[in-house]
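Enquirer: coords please:
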Amino acid sequence: MSDPILQIRDLEVAVEGTPILNGVTLDVPQGEVHALMGPNGSGKSTLAYALAGHPRYEITGGTATFDGGDLAEMETDERARAGMFLAMQYPVEVPGVSVMNFLRSAMTAVKGEELKPREFVKLFDEKSQLLGFDRSFADRYLNEGFSGGEKKRHEILQMAMLEPRFAVLDETDSGLDVDALKVVAEGVNHLSGPNLGVLIITHYTRILRYIKPDVVHVMYDGRIVRTGGPELADHLEEHGYAEFGSAEPAAAPGA
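Expert: Numbers count the residues shown, from 1 in each chain. Reported below is the predicted structural model:
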């Protein structure tokens, strides 16, 4: 069996000199869906941004390798070209740049070649239909005036267009109503397969009702404190994070 596409060993990360991750060890093979759960402030999003190469998130110890390459030695664009994708919790608005132009530029940068206009439009239409993404949004500025659900659908549309080898979904379920959550989950499930590894970062179990993980990890105080199968998510939904030192629930309010 080949090595996991993402291998993390005793990873330590600091933000502006403040230690956040305190020795994270985690493997995610390509073709598997892993969920990373934990209460607020446990370090989940810090891990996501450190993996993506955000300049404020400094790796101060341990290692993180992607397909055998040391992430600490790779620039953000190099990570993307190697096949890593990050769906952000709060997608940013980019006035003046249309959805269509953004996706074309992103695809060209990641793939290293530009699709012919007709081929690109055909692919865009196919993937938009898959995610229920309104075709009329193509000419609108990126995320400007989009609802929370529309922003998250567009993140998954990017993922569908770019066809990464590994995707980190940081709190993708945040702020979504049930209908939008189902559409996003269906998109992720459609894209999942032997050529894609997925790390779903979430506080609540709600999204895991629609995307079944192979493995569930619990993060607390900057470390992985428990790993188990899908049943671990059910345990957290019932008991919350109390046994790990937090009174926060893992079931979304009103869920």
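Enquirer: CA atoms for contacts and neighbours, from now on please.
Expert: Will do.
Enquirer: for Leu181, helix, strand, or coil?
Expert: helix (DSSP: H, G, I helix; E, B strand; the rest coil).
Enquirer: does it really touch Ile207, like I thought?
Expert: Yes - Leu181 is within contact range of Ile207, at 7.1 Å (criterion: CA atoms under 8 Å).
Enquirer: more crowded one of these two?
Expert: Ile207 (24 against 21; other CA atoms under 10 Å).
Enquirer: quick check: bridge partners of the residue most central in space within the chain?
Expert: Geometric centre of the chain, nearest residue: Leu169, 1.6 Å, by CA atoms, centre = their mean. On the basis of DSSP bridges, Leu169 is bridged to Ala87, Ile200.
Enquirer: Asp195: how many residues sit nearby?
Expert: Heads up, residue 195 is Asn, not Asp. Here the number of neighbours of Asn195 (other CA under 10 Å) works out to 14.
Enquirer: once you drop chain neighbours, what's closest to it?
Expert: Of all residues beyond its chain neighbours, the one nearest Asn195 is Gly31 (5.5 Å), with distances taken as CA to CA, 6 or more residues apart in numbering.
Enquirer: in this structure, which spans are helices?
Expert: Here the chain has its helices, by DSSP state H, at 44-52, 76-82, 99-111, 117-131, 148-162, 178-191, 231-239.
Enquirer: okay, the first one in CSV with CA atoms only?
Expert: If I follow you right, that is helix 44-52. Provided in CSV are the C-alpha atoms of helix 44-52 (Å, rounded to 0.1, in the frame of the first residue of the first chain):
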residue,chain,number,x,y,z
LYS,A,44,-8.8,23.0,13.6
SER,A,45,-8.7,26.0,11.3
THR,A,46,-5.1,26.7,12.2
LEU,A,47,-4.2,23.3,10.8
ALA,A,48,-6.2,24.1,7.6
TYR,A,49,-4.4,27.4,7.0
ALA,A,50,-1.0,26.0,7.8
LEU,A,51,-1.5,23.2,5.3
ALA,A,52,-2.6,25.7,2.6
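Enquirer: that older thread, common neighbours of Leu181 and Ile207, please.
Expert: Asp173 (CA atoms under 8 Å, 6 or more residues apart in numbering).
Enquirer: contacts only, for Leu236.
Expert: With CA under 8 Å, 6+ apart, Leu236 has these contacts: 205, 249-251.
Enquirer: low-confidence ranges, the protein, go.
Expert: Residue ranges of the chain with pLDDT under 70: 1-2, 254-255.
Enquirer: got the contact list for the residue of it most remote from its centre?
Expert: Relative to the centre of the chain, the most outlying C-alpha is that of Arg118, 29.5 Å out, by CA atoms, centre = their mean. The contact partners of Arg118, by CA under 8 Å, 6+ apart, come to none.
Enquirer: how much space between it and Phe124?
Expert: Distance, Arg118 to Phe124, by CA to CA, to the nearest Å: 10 Å.
Enquirer: and for Val168?
Expert: Using CA to CA, Val168 is found at 22 Å from Phe124.
Enquirer: can you pull the contacts of the residue nearest to Lys212 when sequence neighbours are not counted?
Expert: Of all residues not flanking Lys212 in the chain, Pro230 sits nearest, at 7.1 Å (CA to CA, 6+ apart). The contact partners of Pro230, by CA under 8 Å, 6+ apart, come to 212-216.
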